[in-house]
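> predicted model, plus sequence, below.
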There are 2 protein chains.
Amino acid sequence: MGKSAGEGEDALLRWLRRRLAKIQPGEELLGDDAAKIAVREDLAITMDSQIEGVHFFPGLPPEMPPEYDRRVFFRSFLRHCRRFGVRLAGGDLSQASHVQIVITLLGQRQGRFLERSGAAPGDVIYLGGEIGLSSLGFLLLAAGARLAGGKIALPDFLEKKFHPAARHAVRRHLLPTPQLELGSRLALGSAAGAALDVSDGLAKDLHRLCRESRVGASIDAERLPMPAAGRRLAARLAENLPAGQGRSWLDLALGGGEDYVLLFTLPPGEPPPAGSFAIGRATRSRTILLNEAGRRRPLPPLGFDHLS
Amino acid sequence: MGKSAGEGEDALLRWLRRRLAKIQPGEELLGDDAAKIAVREDLAITMDSQIEGVHFFPGLPPEMPPEYDRRVFFRSFLRHCRRFGVRLAGGDLSQASHVQIVITLLGQRQGRFLERSGAAPGDVIYLGGEIGLSSLGFLLLAAGARLAGGKIALPDFLEKKFHPAARHAVRRHLLPTPQLELGSRLALGSAAGAALDVSDGLAKDLHRLCRESRVGASIDAERLPMPAAGRRLAARLAENLPAGQGRSWLDLALGGGEDYVLLFTLPPGEPPPAGSFAIGRATRSRTILLNEAGRRRPLPPLGFDHLS
């Protein structure tokens, strides 16, 4: 579980159990190496890891005191569990040279399972929210932006007129919000085809959706929902950063990643949920094309690869 | 998932899916970020991590070629999944500075759940197999023993008469075998009280069993199942290793850890499964005592703490 505040495993577990006794009264899910879970129907299960230096900047405190402290981490973690209606069961604590958090999440279905494989040719492709901002926030952090005591300090070179968009981008990167309501709405309706969240870059995740659904796609660059203030900020950063470190807004929108908005499809004519953006269509041909300024070109799977 | 053989995430996943299509035909548990699992009744769920430099020596190859290779790891992993009847579902791949494997295991109950909290005063305390050998293997590896090409090379200073016990100890450390049959037998019977596996040291895990069951214990040192050859080897190593690095056989048996044998209790008079060793009794007083050479002293929770 990472760097130490000097506390032993059993002491930390006892503290956690006392806290959970208040939050999840009547449930005892920490006593044994395995937890017993009562299941009403089929499960969805997923794992995800956050590793210091890989998924977040080394030294970034989780909640965010200057010294890494496991209890502060768990306090914040449990607060977010409550916010999203998640109950904590068991866990495995270990020392390591880097902070790392690996979570297994079990869910019971409400409505249908939304999968990558459900898109059909002709379906309209939607994004559930704006993209590109999180990777803009990442560039700002790499350029010296910091979150401390809930406030965001920005690099000196950045003019005041860019500050609101820059703070928004840093928050989107450090404090992403999953689109659970939208996902639930799509699962409870009957129209949605495929769905996944955009975590590794729109282009890469679109390739995955198309591969699993055995369709192609045609995407319009001008319909990509990256706000104008974000596009201007991307241009300003590219001017100031060393050659090769700046990125165009389109590159950030297509390959930036960590947006955590939903990418989904609906049949043509089906009204989309409020706040979503149509960006193109699924096609029968298996190619994935980007239409930009009247020209059409193949869109490579730009984005983050966890292994290279 | 650790060091790289240069392969991207999607390519590795495609390779894994092809292999799984042969091993688990008709099941498709890798396509989405979450896997759907059909559940017949309540689940037991557990997580465990193996981190290079924490749980195993840096550079130790998993199966065991000189260069870390993810496909070699997964081939070996899937072979062991088959051996133990485990199906693989989903997963999360990531680059990291160290090799690390984190596994979530879901199980459906056969018989009762065996928990730490089921011991009663008067119960006999058993070990399902020999202990202390794994930590002896660890000392040998620290002193230069190596496993290469399925053969174990031992440090030069070690006389031939110690070699069989030394090879056995190194294998116990590197290739532990969980006592699944014994666990299943205890769960299907009605007599067993508490049970857990000894992974962090007998004394530490006994403290946990007693705390959860609200009992004490009285343990007899001479009944601890560490084989005589292992005791002699421990003494020989202590002669040769620098001061402070050698450990007595009793210290290894009580605090060595990573034995992965079951520690369990049965009511008095209940016949134990073949191959198990009675080591003491649960008591009404909440103290945990060790009887050694006619003397009785408190037994501290010796063993491995994952956080300190």
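Arrived safely. Numbers count the residues shown, from 1 in each chain, chains lettered A, B, ... in the order given.
> contacts, neighbours, all on C-alpha from now
Will do.
> helix or strand: which one has residue A:86?
Under the criterion DSSP states H and E, no helix or strand holds residue A:86.
> tally of neighbours for it?
14 (other Cα atoms under 10 Å in any protein chain shown).
> give the helix, strand or coil label for the spatially most central residue of chain A.
In chain A, the centroid-proximal residue (Cα atoms, centre = their mean) is residue A:260; its distance is 3.1 Å. Here residue A:260 takes the coil state, with states given by DSSP: H, G, I helix; E, B strand; the rest coil.
> go on, the one 3 residues further on?
Of the three states, residue A:263 takes strand according to three-state DSSP.
> now it: closest residue in space that isn't a chain neighbour?
residue A:127 (4.7 Å; Cα to Cα, 6 or more residues apart in numbering or on different chains).
> give me the beta-bridge partners of that neighbour?
Taking DSSP bridges as the rule, residue A:127 bridges to residue A:263, residue A:277.
> before we move on, back to that, and the residue nearest to the centre of chain A, what does it touch?
A:176-179, A:197-199 (Cα atoms under 8 Å, 6 or more residues apart in numbering or on different chains).
> residue boundaries of the strands in chain A?
Using DSSP state E, the strands of chain A run over residues A:35-37, A:43-51, A:100-108, A:124-127, A:146-148, A:151-153, A:195-197, A:216-220, A:262-266, A:277-283, A:288-292, A:295-298.
> next, the buried residues of the fifth one.
Spelled out, it's strand A:146-148. A:146-147 (16 or more other Cα atoms under 10 Å in any protein chain shown).
> in stretch A:237-250, what counts as buried?
A:237-238, A:246-250.
> ok, now how distant is the residue nearest to residue A:144 when sequence neighbours are not counted from chain B?
Using Cα to Cα, 6+ apart and skipping the chain neighbours, the partner closest in space to residue A:144 is residue A:155 (5.4 Å). As judged by Cα to the nearest Cα, to the nearest Å, residue A:155 and chain B stand 29 Å apart.
> residue A:165 now?
31 Å.
> wait, what's in contact with that residue?
A:229-230, A:233.
> just give me the neighbour total for the residue nearest to residue A:209 when sequence neighbours are not counted.
Sequence neighbours aside, residue A:116 is the residue nearest to residue A:209 in space, at 4.9 Å (criterion: Cα to Cα, 6+ apart). Neighbour count of residue A:116, defined by other Cα under 10 Å: 25.
> isn't residue A:116 right next to residue A:206, touching?
No: the criterion here is Cα atoms under 8 Å, and residue A:116 misses it with residue A:206 at 9.4 Å.
> list the contacts for the nearest residue to residue A:188 once chain neighbours are set aside?
The spatially closest residue to residue A:188, leaving aside those adjacent along the chain, is residue A:111, at 4.5 Å (Cα to Cα, 6+ apart). Residues near residue A:111 by Cα under 8 Å, 6+ apart: A:184, A:187-189.
> around residue A:110, how many other residues sit close by?
Using other Cα under 10 Å: residue A:110 sits among 10 other residues.
> show me which residues of the stretch 51-200 of chain A are close to chain B?
Counting by Cα under 8 Å from any Cα of the partner chain, the residues of the stretch 51-200 of chain A close to chain B are A:51, A:54, A:90-96, A:102, A:104, A:115-116.
> who wins on neighbours among these?
Of those, with other Cα under 10 Å as the count, residue A:116 tops at 25 neighbours.
> list the residues that contact that residue.
A:194-196, A:208-210, A:212-213, B:31-32.
> how about a cut-off of 7 Å?
A:194-196, A:209, A:212-213, B:32 (Cα atoms under 7 Å, 6 or more residues apart in numbering or on different chains).
> do I have it right that residue A:117 meets residue A:207?
No: judged on Cα atoms under 7 Å, residue A:117 makes no contact with residue A:207 at a distance of 11.4 Å.
> give me the pLDDT for residue A:274.
pLDDT for residue A:274: 94.
> do you know how far residue A:179 is from residue A:85?
Using Cα to Cα, to the nearest Å, residue A:179 is found at 14 Å from residue A:85.
> from the contacts of residue A:116, which is closest to residue A:17?
residue B:32 (33.1 Å; Cα to Cα).
> where in chain A is pLDDT low?
Applying pLDDT under 70 to chain A flags residues A:1-6, A:27-28, A:31, A:59-68, A:306-308.
> ok, 50 please
The model of chain A has pLDDT under 50 over residues A:1-4, A:65-67.
> measure stretch A:124-143 end to end?
37 Å.
> distance to residue B:8 for the strands of chain A - can I get that in TSV?
Formatted as TSV, the strands of chain A follow (distance: least, Cα to Cα, whole Å):
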stretch	distance to residue B:8
strand A:35-37	34
strand A:43-51	17
strand A:100-108	21
strand A:124-127	26
strand A:146-148	32
strand A:151-153	35
strand A:195-197	20
strand A:216-220	22
strand A:262-266	23
strand A:277-283	26
strand A:288-292	20
strand A:295-298	21
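> among the ones you listed, which is the most enclosed?
The highest mean neighbour count among these, using mean count of other Cα atoms under 10 Å in any protein chain shown, belongs to strand A:262-266: a mean of 26.
> ok, residue A:50 to chain B distance?
For residue A:50 relative to chain B (Cα to the nearest Cα), the value is 9 Å.
> compare residue A:179 and residue A:85 (neighbour count), which wins?
residue A:179 (14 against 9).
> hmm, back to that, among the contacts of residue A:111, name the buried ones.
Using 16+ other Cα under 10 Å, the buried members of the contacts of residue A:111 are A:184, A:187-188.
> show me the contacts for the closest residue to chain B within the stretch 151-300 of chain A.
Chain B sits closest to residue A:212 of the stretch 151-300 of chain A, with a gap of 7.4 Å, by Cα to the nearest Cα. Going by Cα under 7 Å, 6+ apart, residue A:212 touches A:116-117.
> ok, residue A:119 touching residue A:265?
Yes: using Cα under 7 Å, residue A:119 is in contact with residue A:265, at 6.2 Å.
> give me the common contacts of the two.
A:193-194.
> and which of the buried ones among the contacts of residue A:111 is nearest to residue B:58?
Using Cα to Cα, those come closest to residue B:58 at residue A:184, 44.2 Å.
> and for that closest one, nearest residue in space, chain neighbours not counted?
Using Cα to Cα, 6+ apart, the nearest residue to residue A:184 is residue A:110, at 7.2 Å.
> helices of the stretch 51-200 of chain A, start to end?
For the stretch 51-200 of chain A, the helices defined by DSSP state H, counting those that start in this stretch occupy A:70-83, A:133-142, A:163-174, A:180-188.
> tilt between the shortest one and strand A:262-266?
Right, the one you point to is helix A:180-188. Between helix A:180-188 and strand A:262-266, the angle comes out at 30 degrees (axes from the mean of the first three to the mean of the last three Cα atoms, to 10 degrees).
> over to the longest one?
For helix A:70-83 against strand A:262-266, the angle by the same axes, to 10 degrees is 20 degrees.
> any idea how far helix A:70-83 is from the middle of the chain?
How far helix A:70-83 lies from its chain's middle: 18 Å, per Cα atoms, centre = their mean, to the nearest Å.
> mind listing what's buried in it?
For helix A:70-83, a neighbour-count test (16+ other Cα under 10 Å) marks A:70, A:72-74, A:78 as buried.
> next one: the third one
Of all the residues in helix A:163-174, those buried under the rule 16+ other Cα under 10 Å are A:163, A:165-174.
> over to the second one?
The neighbour-count check on helix A:133-142 (16+ other Cα under 10 Å) flags A:133-141 as buried.
> let's have those in TSV, adding distance to residue A:58.
Conversion of the buried residues of helix A:133-142 to TSV gives the following (distance: Cα to Cα, whole Å):
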residue	distance to residue A:58
A:133	21
A:134	18
A:135	17
A:136	18
A:137	16
A:138	13
A:139	15
A:140	15
A:141	12
